[in-house]
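*Asks:* With the sequence up front, the predicted model follows.
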Amino acid sequence: MPYRQFRCIQNFLALRFSTLLFLALLLPASRMLAIGLDDVSSATTQQTAPPSNVQSEQPDPDFSPRGPYQGLLGISHIARFDKLPMRMHLEPHLTTPPNNEKLDDRYVPLFERTLREVDDIELLETAALSLARVSEGKMQSIETAADILVKHLQSHTNRRVRFACARALANSESTSSAAALLALDSETDDAERLWIDPALARWKYAPAADVWKKRLIDDSQTAVAVSLACEGLAALNDSQASEPLRTVLNNRRLTFEKRLAAAKALCSIAPEPGFEESAKYILGNVSERILAVQLLSSPQPESQAKVFALCADNSDGVASAAWQAMFRLNSEGLLPALDSGRSHRDAVVRMTTARVMRQFPTSERAVWLQELLSDKHLEVRNVAREMSVLVAQEQPTLRDFILAMAGDRIAAEPENWQGIEQSLLLLGQLRGSQFSDRCIPLLEHPRNEVLVTAAWLLHLFPDAAVEPAVRQHLTRNDRMFKAPATAPEGAYLGHQSAYLIQYAGLMRLKDLQPFLEPDFKKSEPGGNEKRSAAMWALGLMHENDPVPELTKSFLDRLADRGGLVPERDPIRRMSAVALGILRARSAARGLVEAYKLDPIEGMIPDSARWSLGMIGEPMPAPTKGFSGLIGGWKLNPIGE
């Protein structure tokens, strides 16, 4: 088939690929220029979230949400008061089906044939970069194109084409092309090395060591190039690299980034020489002491002793680097420094302290973790909460003590909103259901983080003792919705009311039905969360009791998908769920229509399907995620 039967997409970008590649590579380049010390604060922690592969809840004739919440709670690493899980979204727990995108089988043959049959530079570059994208995304194998990629890499006269082929080969894990990639090194720049060098290091291609060592002794090389060389030599564990690494390390005319990369590689390859070199820097300026930390980051006890001493350094940067290094090497060795670490000026030190206290918990350290819930740094207090939750889960003897401290915190020092917010979250995660009365005053707190989170805790563990106060606050909020000038500026009263309305539904406060029915109107103030909660709560108030008027109202909301101002999806979704809670058999037709017509993104078809099962109708097939072809290609086969 002649190539003219292929076509390029008409809106091919006018900018040349060299510009696009430069912009695309700015991020990895900046990453390589970073100091390079691992940030312990970014380490993920165990969450109490449902696994991502959990299927949607199946209809259950006995479904009747009430009382304390018993399921799993997904709280993000940085918890936000307006993103907390709501029971109306967890009962029933319905999941969005995953998307299923695939690559059209015609694309890889098209890209390969372009490389074999075309001479146009831009098309060759496009085809090679397309194969790089295919391989990087693990869409399909490009093994059949390896030979032509290597051929162009070795012999094509255009540098951009050669680099595009190199990028595709590096992404494909084509180890047989290592020699060809290495040969390109002499004419490459940093943008290309960011793809080539990591591939050679990953493949542990020994001949690359000589090239990297030569790069180390060339003062004209950039910090990126030297850093890549150091990482490659460390991956090869090349003992002969220790001398050139020491040369870079000790050359005070070089940039800090180069010397730090050399220190890291030297410590990895030759810990003893690294220990010897550290003596030159451990009493130097801040940069030199950071180099010392890196040189000492080995399992040797004598190295760890010196790193521990640097944990008390006057420089926050040095102390932070030392704390992180000790945490990686021997976290138990940090125990003597916890008392000072928990109040250190540097946030990373405080976070690291919290993680050590979780690993080696005591009652005193549980108190220290509780104090860190009030930290001025957002992530520190979230990490402290996560560690406290894990300690309570892993150490049953400390659980009640941790709960009691959190309960005391929410009842004292109202100006300490950070500690109150985190304590409320902690109580929710640990099912501390006995503190409802202490949440009531917090519903009028000046901070949204507190006034919303307090309502969230109340709806997780509805307590009859606070019912009068909940009613009072719902009425108060309603007055403020109708007279916004009377509401506190910026207060998220809609979110608060959403939780309190769910409380009302869980408690089956049927006399509040007239209060909630105005939420069937689109014009009702309070926001989507409040109106959605009203749909769910009204369903609970009349579960197994399909009142005709209420059923009709839900069906009207569910069917309002057209017109100039269609109903919002969250309200329609909860209307579908409410019909299932009512066991409204007369709603079958409307539910089937919603299942067939509405897009899956709004969860309406899944909600309608669940409700059809709840009313005894045959359940349609589970909804499927979007199935389509991966797009965005600049070169497309005819008929695409």
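*Replies:* Yep, that arrived.

*Asks:* what about residue 607, which helix or strand?
*Replies:* Residue 607 is part of helix 604-614, with elements assigned from DSSP states H and E.

*Asks:* packing partners for the next helix or strand along the chain from that helix?
*Replies:* Sequence order places strand 627-629 as the next helix or strand after helix 604-614, per DSSP H and E. Strand 627-629 is packed against strand 100-102, with contacts defined by 3 or more C-beta pairs under 8 Å, 6 or more residues apart in numbering; DSSP states H and E. Placement of C-beta: from N, CA and C, glycine included.

*Asks:* Let's test this: mean pLDDT of the strand it packs on, rounded?
*Replies:* Per-residue pLDDT over strand 100-102 has a mean of 90.

*Asks:* What is that strand packed up against?
*Replies:* By 3+ C-beta pairs under 8 Å, 6+ apart, strand 100-102 packs against strand 627-629.

*Asks:* strand partners of the strand it packs on, parallel vs antiparallel please.
*Replies:* strand 100-102 (parallel) (DSSP bridges).

*Asks:* now what about the partner strand, what contacts it?
*Replies:* Residues outside strand 100-102 that contact it (C-beta atoms under 8 Å, 6 or more residues apart in numbering): 139, 624, 625, 626, 627, 628, 629, 630.

*Asks:* buried residues in it?
*Replies:* By neighbour count on 16 or more other C-beta atoms under 10 Å, the buried set for strand 100-102 is empty.

*Asks:* Tell me the helix or strand right after it.
*Replies:* Using DSSP H and E, the first helix or strand after strand 100-102 is helix 107-117.

*Asks:* List the buried residues of that following helix.
*Replies:* For helix 107-117, by 16+ other C-beta under 10 Å, it's 107, 108, 110, 111, 112, 113, 114, 115.

*Asks:* cool, and stretch 93-103?
*Replies:* 94, 97, 103.

*Asks:* nearest to residue 78, of the residues you listed?
*Replies:* Set against residue 78, the nearest of those by C-beta to C-beta is residue 94 (25.5 Å).

*Asks:* Which residues are in contact with that closest one?
*Replies:* 56, 57, 603, 606, 607, 610.

*Asks:* Could you rerun that using 6 Å?
*Replies:* 56, 603, 606 (C-beta atoms under 6 Å, 6 or more residues apart in numbering).

*Asks:* repeat for residue 319
*Replies:* 311, 313, 349.

*Asks:* Setting the sequence-adjacent residues aside, check what's closest to it.
*Replies:* residue 313 (4.6 Å; C-beta to C-beta, 6 or more residues apart in numbering).

*Asks:* min pLDDT across the contacts of residue 94, which one?
*Replies:* pLDDT is lowest at residue 56 among the contacts of residue 94; the value there is 84.

*Asks:* List the buried residues in stretch 618-632.
*Replies:* residue 623.

*Asks:* How about stretch 148-163?
*Replies:* Neighbour-count burial for stretch 148-163 [16+ other C-beta under 10 Å]: 148, 149, 150, 152, 153, 156, 160, 161, 162, 163.

*Asks:* Okay, and which of those residues map to helices?
*Replies:* Per DSSP state H, helices hold the following members of those: 148, 149, 150, 152, 153, 160, 161, 162, 163.

*Asks:* Now the fifth one: closest residue in space, sequence neighbours ignored.
*Replies:* Read that as residue 153. Counting by C-beta to C-beta, 6+ apart, the residue nearest residue 153 is residue 165, at 4.3 Å.

*Asks:* which ones are touching that neighbour?
*Replies:* Residue 165 sits next to 128, 149, 152, 153 when contact means C-beta under 6 Å, 6+ apart.

*Asks:* Take those residues and lay them out in CSV including pLDDT.
*Replies:* Below are the contacts of residue 165 laid out as CSV (pLDDT from 0 to 100):
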residue, pLDDT
128, 97
149, 97
152, 96
153, 95
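
*Asks:* Reformat those as CSV; add distance to residue 590.
*Replies:* Below are the contacts of residue 165 laid out as CSV (distance: C-beta to C-beta, whole Å):
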residue, distance to residue 590
128, 54
149, 57
152, 60
153, 61
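
*Asks:* Sort out which one of those residues lies nearest residue 582 for me.
*Replies:* When those are compared against residue 582 (criterion: C-beta to C-beta), the nearest one is residue 128, at 59.8 Å.

*Asks:* now the closest one: how far from residue 453?
*Replies:* Note on residue 128: its distance to residue 453, by C-beta to C-beta, to the nearest Å, is 52 Å.

*Asks:* Looking at the contacts of residue 165, which one is closest to residue 437?
*Replies:* Looking across the contacts of residue 165 and measuring by C-beta to C-beta, the closest to residue 437 is residue 128, at 67.6 Å.

*Asks:* Please name the residues that touch the closest one.
*Replies:* Counting by C-beta under 6 Å, 6+ apart, residue 128 touches 164, 165, 168.

*Asks:* what do you get for residue 121?
*Replies:* With C-beta under 6 Å, 6+ apart, residue 121 has these contacts: residue 158.

*Asks:* Check the gap between it and residue 564 for me.
*Replies:* From residue 121 to residue 564 the distance is 52 Å (C-beta to C-beta).

*Asks:* ok, for residue 353, nearest residue in space, not its chain neighbours?
*Replies:* residue 341 (3.7 Å).

*Asks:* Surely that neighbour touches residue 349?
*Replies:* Yes - the pair residue 341 and residue 349 passes the contact test of C-beta atoms under 6 Å, sitting 5.4 Å apart.

*Asks:* Between the two, tell me which one has more neighbours.
*Replies:* For residue 341 versus residue 349, the count of surrounding residues by other C-beta atoms under 10 Å is larger for residue 349: 28 against 24.

*Asks:* which SS state does that one fall under?
*Replies:* Put simply, residue 349 is helix when judged by DSSP: H, G, I helix; E, B strand; the rest coil.

*Asks:* confidence score at the residue lying closest to it once chain neighbours are set aside?
*Replies:* Spatial nearest neighbour of residue 349, excluding adjacent residues (C-beta to C-beta, 6+ apart): residue 323 at 4.9 Å. Looking at residue 323, its pLDDT stands at 98.

*Asks:* try residue 627
*Replies:* 84.

*Asks:* on that earlier part again, how about the residue nearest to residue 319, phi and psi?
*Replies:* In terms of degrees, to the nearest 10, the main-chain angles of residue 313 are phi -60, psi 150.

*Asks:* ok, residue 57 touching residue 95?
*Replies:* No - applying C-beta under 6 Å, one finds residue 57 not in contact with residue 95, separated by 8.6 Å.

*Asks:* what about the strands in this structure?
*Replies:* Assigned by DSSP state E, the chain shows strands spanning 7-8, 100-102, 627-629, 635-636.

*Asks:* Out of these, flag the one nearest residue 375.
*Replies:* Here strand 100-102 is closest among those (C-beta to C-beta), at 41.9 Å.
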